[in-house]
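A.B. asks: my questions are about this predicted structure, shown below with the sequence.
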Amino acid sequence: SPVVTMAPTTPIYDAIRIMSKEGFRRIPIANPGTRALEGIITATDIIDYLGGGKKFEIIQQKHGGNFFKAINEPVRLIMTKNVVSVKTSSKISEAVKLMKEKNLGGLPVVDEENHVRAIITERDIANMFADRMSGVKVAELMSEKVVTALPKTTIFEAEKTMATQGFRRLPIVSDGKIMGIITSMDIIRFFGSGKVFAYLQSGNIIQVLNTLAIEIATKEVATIEPNADIGKAAKIMREKNVGALPVVENEKLVGILTERDFFKIIE
């Protein structure tokens, strides 16, 4: 995929704005002078910082809970510094192997001078192999243990679950039925919206964090059956441009299939 980079001094809010506008889940951070790769900021880093996890402690301790000051901090404060990348000359199989080993959703592609040239993501790889995947049932690849949210779950609670359990998406379930799905990118878009920015400026973040996750979740959720062929699932994901499909049987959630699960059959 083509790539946008940022300087380490870019305010965190600018990263939120660009991610929400362009739909990027990760942005490489490059030195503005040398253009060398110095870090990467992901939607997960931002969710961790804005209430989800360990990085949230920075807002509490350094800024006394003032989110407006917090989002004007430079991205280098919360970016991942030791970036796993691949060379422009690397094979796709090397990227897949690295993503599997390091549990990463995307890798910057760099040249011999460590300049960022592109980014390769799970989505790129899933789309590349979508037409070649078949002969395996969804049930064989899906995760049966699904971490879910409730219709009464707040954005703050959803962020915490994502950050502590390492998930980027939570199906919202009531009596076993799917009411919606909330992703890390839904939360990024929420924080990037003008209405929320006004709350952040006033410092009145509690109201924002107590918004129900279902209010910003996707309600029309594409799903798949456990006995469907993996090829059908891959094509639905590509057509809908989604990274996961809840697996439903008799209207009940029985699992989830993600782009990462495809890696089990891609060598």
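C.D. replies: Structure received.

A.B. asks: where does the protein dip in pLDDT?
C.D. replies: By pLDDT under 70, the weakly predicted segments of the chain are 1-2, 203-204, 267.

A.B. asks: that one: helices as residue ranges?
C.D. replies: For the chain, applying DSSP state H gives helices covering 12-22, 43-47, 56-63, 67-71, 92-102, 122-129, 138-141, 155-165, 184-191, 194-202, 205-209, 213-216, 230-240, 259-262.

A.B. asks: quick check: buried residues in the fifth one?
C.D. replies: Read that as helix 92-102. Burial within helix 92-102, assessed by neighbour count using 16 or more other Cβ atoms under 10 Å, is assigned to 95-96, 98-99. Using the backbone N, CA and C atoms, a C-beta is placed for each residue, glycine as well.

A.B. asks: just the C-alphas of it, formatted as CSV.
C.D. replies: Output in CSV follows, covering the C-alpha atoms of helix 92-102 (Å, rounded to 0.1, in the frame of the first residue of the first chain):
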residue,chain,number,x,y,z
ILE,A,92,5.9,-11.7,0.5
SER,A,93,6.5,-14.9,2.4
GLU,A,94,9.1,-13.2,4.6
ALA,A,95,6.5,-10.5,5.5
VAL,A,96,3.9,-13.2,6.3
LYS,A,97,6.5,-15.1,8.5
LEU,A,98,7.4,-11.9,10.4
MET,A,99,3.7,-10.9,10.9
LYS,A,100,3.0,-14.4,12.2
GLU,A,101,6.0,-14.5,14.5
LYS,A,102,5.7,-11.0,15.9
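
A.B. asks: quick one: contacts of it?
C.D. replies: Applying Cβ atoms under 8 Å, 6 or more residues apart in numbering, the contact partners of helix 92-102 are 84, 86, 104-107, 120, 122, 125, 128, 263, 266-267.

A.B. asks: please redo it, this time with the cut-off set to 7 Å
C.D. replies: For helix 92-102, contacts defined as Cβ atoms under 7 Å, 6 or more residues apart in numbering pick out 84, 86, 107, 120, 122, 125, 263, 266-267.

A.B. asks: could those go into TSV alongside neighbour count?
C.D. replies: As requested, the contacts of helix 92-102 are exported to TSV (neighbours: other Cβ atoms under 10 Å):
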residue	neighbour count
Val84	15
Val86	20
Leu107	26
Ile120	22
Glu122	22
Ile125	20
Phe263	18
Ile266	16
Glu267	7
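
A.B. asks: closest one of those to Gly65?
C.D. replies: In terms of Cβ to Cβ, no member of the contacts of helix 92-102 lies closer to Gly65 than Val84, at 33.3 Å.

A.B. asks: can you tell me which residues contact that closest one?
C.D. replies: Residues in contact with Val84 (Cβ under 7 Å, 6+ apart) are 98, 102, 104, 107.
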